[in-house]
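> prediction below, plus the sequence it came from.
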2 protein chains.
Amino acid sequence: MKVPWVYISDLSKHEGEEVKLKCWMYNKRSSGKIHFLQLRDGTGFVQGVVVKGEVTEDQFLAVRNLWLEASLEVTGKVKRDERAPSGFELNVTGISVLHNPTDEYPIGKKDHGIDFLLDNRHLWLRSASQLAVMRIRDRVIWSAREYLHNNGFLLVDSPILTGAIGEGASGLFEVPYFDLGNAYLAQTGQLYAEAAAAAFGKVYTFGPTFRAEKSKTRRHLTEFWMIEPEVAFYDHKDNMTLQENLVSYIVQSVLQHCTAELAQIGRDTGPLERVTPPFHHITYDDAVIMLQKLGSTISYGTDFGGEDETILTQQFDRPLFVECYPKKVKAFYMKQHPEREDLVLCDDLLAPEGYGEIIGGSQREESFDLLQKRIRVEKLPEDSYGWYLDLRRYGTFVHSGFGMGIERVVAWVCGLPHIRETIPFPRTIYRLNP
Amino acid sequence: MKVPWVYISDLSKHEGEEVKLKCWMYNKRSSGKIHFLQLRDGTGFVQGVVVKGEVTEDQFLAVRNLWLEASLEVTGKVKRDERAPSGFELNVTGISVLHNPTDEYPIGKKDHGIDFLLDNRHLWLRSASQLAVMRIRDRVIWSAREYLHNNGFLLVDSPILTGAIGEGASGLFEVPYFDLGNAYLAQTGQLYAEAAAAAFGKVYTFGPTFRAEKSKTRRHLTEFWMIEPEVAFYDHKDNMTLQENLVSYIVQSVLQHCTAELAQIGRDTGPLERVTPPFHHITYDDAVIMLQKLGSTISYGTDFGGEDETILTQQFDRPLFVECYPKKVKAFYMKQHPEREDLVLCDDLLAPEGYGEIIGGSQREESFDLLQKRIRVEKLPEDSYGWYLDLRRYGTFVHSGFGMGIERVVAWVCGLPHIRETIPFPRTIYRLNP
C-alpha cells in the first residue's frame, strides 16, 4: 500500500528527489557545522548529512542533542555517493524529532558480553548484523516453503499439545491440561505428518518443536523450528534425493537474494556455492572407521558426538549423508534395514565446515508387527500410539521423511559459531526472557 | 524430483498412455465381471475399471477381496471420460496389492457422530471433504505469507515459551521450566513483533498460539494458528487498509486456485467474490445502537458476544470493521483514542455471513507513561514488561498491527459451521488425541 514516506531500500528510485524518511538514528558524528547521522528504518541504512544553514537553527540544535535510537522524520535530497554502502546519501533539508530518549541507549560501541546482549535481545535486534541474520533466516524459511509448495507438498500443521508421544519418553515439557492430565509439547510433528501422508501424499509440517533436555551446546535450544516433509511411497533413497534438492535450493536462494546480508556478516560464500547435488554419502559403519583413523575415541554402536560430526564434515567439501545407523541409537519408528537387522534405513545430513547435523531422516517402519515390537521393546506407552499403529493397519505403505532444524541451517549458512543468534528470541535452559 | 509412477492430479497429461499409480482404494462397486474402484493418492480421485479378462485371474480375484483403504499399485490406460469429476478414468491392466487390511475400515458410509470422527481424525483426513478443507487451509496460509513477503514484510518467529506476558493474566497454559519456575505458552506473538518492528520496520509473526480458556463455542480452540503483522509508523487507518488488502488477497487467491475444493464442499462462492476493498466500517458506539434496534440485549460498554457479531455481520454484504471499542474491554497495549479517553484506537474485523471476528487489531500505545499506567491499573506484573516498556524508552514510534486467526478464516472461506474441521488435529478442552 502507498504511504506518504519513502523506505531506505527504495532510495535508488528517488535519486535527485526530495523525500521523507521515518527512521531511527543509530549513530552520529559531528564536527561543528556539520552532523553525519547514521539512519536506519528496518529496510536499510543511510547517512544523512545535516549542514548548518541548510536546516533551521532549531533543527540544527535539536540534532546536536539527539541520543542514539531517537526516532525521526527526516526530509532530504537523495544523492548518489559511491563511497556509501547503500550507494546513496541524504542531504538533509528538514528534521523533526519524534522521540528523543532521556536515557543513554544501553547497547553502545563497546564490546558487550553475550549475556548482556541476550538480556537486551529486543534492542540488540536493531543492529546491522542482526538484521542481516534475520533476513537470511527469513529467506531460508521462505525458500524452503517455496520449494515444497512448488513441488506439490501440502502444509499440514501438526499439534503442539499432544498426548505422550514423540521421539521417545525423555526430554518432554509437561503442561497440565484441564481434566485430561498432562499434555506434552511436541518434540516433532512427524507422527502426525505420517497420518497426513496417508491422506494427502506429499506433506510437510513446519512449526516450533521442544526439547526439555539439559543440553548446553552451541547446537541446542529448548525451542526451535523444524520443517518436516513426509512422502507416501518414497523410500530411503528418494528421501535423500529430496533432502539434497531442498537444501541446495535453500542455499542457492540465499546466495541469490542475500548478497548484501552475507557480506554484512563477513560470510565466505565459496563453500556455499559448492552446495549443489550430488552430496557425499558414507555409511555409519565406514564413518566409524574413518573417525577412528582420525583419532576419535568413538566405539562402534554409539551415536556421534558433536565433535565427531565436526571432524567428519571437515573431510568433505559439501554436505554429507551418513546412512544406516545402528537401530539402538535411533528412534523406534525407523525402518529396519532389509539385510542387517541391527541397522535402520536412516540418514543424518551433516553440513560442511564443521557444522554437523542439520537433518535427520528415515524410511518409516511400515510393518505393523515390527513397529509394535519396537514400541514394546522401548517400553513406550502403547495406548498412546494406537492411532499411529492404525496407519499400519489400514493400507500401510512405504513412506519416508525427515526433519530439518531451521536454526542449524541458518547458523551454517551465516557461518555463525552458535545457534542462539539465529532465532529472534532464543530459549535455553537458562533463558526465558525477553 | 522424478518418480517412476504418476500422480492422479497429473493424469490429464497422460491421456491414452499406460501409467502406474500408487494409491489407496477408498470405495468399490462390483457387478460380476467388472469392478469399479474408487482410487485416491492424496492428489486426487479417479475411478479404476477392472474388467475380467483384462487383468490376470489372480488379480481379478484379489480385487474381489479388497477391503477399503487397501494400498495398491495400479497400472492402466488413461481414458477421457466427461462424466468423471476429474474428467478421466483408468482402464486397469494390472493391479498389485501392497497391503490389504485384515480389519474393516472404521469410517464407513454410514453417518458417524462428530466425536467418533474426531477420535479417528488420523483416518477421517483421508476423506474427499477433508482433503478439500486442508487444501483451502494450505492456500489461505500460503497466500497470506505470499502477500506479506511480496510487500516487504520480514518473518520474525516469536517464542512460544515466554515469561508471564501476553494479552493478560488469564487463560495461560503453564509449563514448569527447569530452575526458572513456570513458563507460559504464548497467547500472542504481538509484543515480540513490536520489538521486531522497531528493528525491521515491517514484520509478521506466524505460529501456534494458546488459550487455556474453558470456551466451548464453535469458534474456539485451545491451540490455533495466528498471523500477526506489525508495522512501524502505521496508524489505525493504515492498519485497517493493510487488513482489507490482506484478507481480499487471501479470498481471491482461494477463489482462483481452489475452485474444485470449494465445489467439493458445496461452498456458494458468490459472497466470497464480493470480498474486495473497500470493506464496511462502523464504530463500536453505532454498532451497539444498531444491535439494540435489532433486538440484542447488549449494554453499552460490554464486549460483543458471538451472537451479536453474527447479527451484525448479517446486515452487511462484505467484511465489517468495528472500530474504537471501550478501553476497559480491550487489551492494555492499545492506544488511547485522542478525543475519547474511554475508547481505544482498535478494530475488530468481522467476516460476513454470520462468521464474526477473524481479526483483532489496534494502534499500539506509544507513550511510556500511558502504557505504564495501564499496566499498573490492570495489575500486570510490571517486571515482566520491562523489555516491552523499553520500546517506548528508546525511540518510541507510532505503530500498529493485528492478529488474524487462521482457523476462523478457513471456516468462513469454507462455509463450515465449526472451526474444529479447519485444523488437522484440533485441540479443545476435552480433546488431546489423536
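Everything's here; your move.
> any part of stretch A:80-97 near chain B?
No: judged by CB under 8 Å from any CB of the partner chain, stretch A:80-97 and chain B are separated, with a smallest distance of 9.9 Å. (Each C-beta comes from the backbone N, C-alpha and C, glycine too.)
> does A:Thr428 really touch A:Phe224, like I thought?
No: using CB atoms under 8 Å, A:Thr428 makes no contact with A:Phe224, being 10.6 Å away.
> which of the two has more neighbours?
With neighbours defined as other CB atoms under 10 Å in any protein chain shown, A:Thr428 and A:Phe224 compare such that A:Phe224 has more, 21 against 16.
> hang on, the more buried one in a helix?
No: in this structure, A:Phe224 is strand, not part of a helix, as judged by DSSP: H, G, I helix; E, B strand; the rest coil.
> pull the number of nearby residues for A:Glu244.
Neighbours of A:Glu244 using other CB under 10 Å come to 22.
> ditto for the one 3 residues further on
Applying other CB under 10 Å, we find 26 other residues in the vicinity of A:Val247.
> just for the stretch 301-434 of chain A, where's the confidence low?
Along the stretch 301-434 of chain A, the model assigns pLDDT under 70 to no residue.
> all helices of it, in order?
A:306-313, A:368-377, A:386-393, A:406-414 (DSSP state H, counting those that start in this stretch).
> ends of stretch A:98-108, how far apart?
End-to-end distance for stretch A:98-108: 21 Å, by CA to CA, to the nearest Å.
> equivalent analysis for stretch A:174-190, please.
Terminal residues of stretch A:174-190 are spaced 19 Å apart (CA to CA).
> and it, which residues are buried?
Neighbour-count burial for stretch A:174-190 flags A:Val175, A:Tyr177, A:Ala183, A:Tyr184, A:Leu185, A:Ala186, A:Gln187, A:Thr188, A:Gly189, A:Gln190 (criterion: 16 or more other CB atoms under 10 Å in any protein chain shown).
> now intersect these with the strands, please.
A:Val175, A:Ala183, A:Tyr184, A:Leu185 (DSSP state E).
> what distance do you get for A:Cys346 to chain B?
19 Å (CB to the nearest CB, to the nearest Å).
> what about that residue, how many residues nearby?
28.
> again, but for the one 3 residues further on
For A:Leu349, the neighbour count with other CB under 10 Å is 22.
> residues touching the residue nearest to A:Ser248 when sequence neighbours are not counted, list them.
Leaving aside its sequence neighbours, A:Ser248 sits nearest to A:Thr276 (CB to CB, 6 or more residues apart in numbering or on different chains; 5.2 Å). Taking CB atoms under 8 Å, 6 or more residues apart in numbering or on different chains, we find A:Thr276 in contact with A:Ser248, A:Gln252, A:Arg318.
> can you verify my assumption that A:Met372 contacts A:Leu389?
Just to correct that, residue A:372 is Gln rather than Met. Yes: A:Gln372 lies in contact with A:Leu389 (CB under 8 Å); the separation is 6.3 Å.
> any chance you could list what contacts stretch A:247-264?
A:128-129, A:131-133, A:135-136, A:139-140, A:142-144, A:146-147, A:269, A:272-273, A:275-277, A:279, A:319, A:349, A:358-359, A:404, A:409, A:413-414.
> mind checking which of these land in helices?
Among these, DSSP state H puts A:128-129, A:131-133, A:135-136, A:139-140, A:142-144, A:146-147, A:272-273, A:409, A:413-414 in helices.
> could you tell me the per-residue confidence at the residue in the stretch 101-250 of chain A that chain B sits nearest to?
Residue nearest to chain B within the stretch 101-250 of chain A: A:Gly201 (2.5 Å; CB to the nearest CB). The model reports A:Gly201 with a pLDDT of 98.
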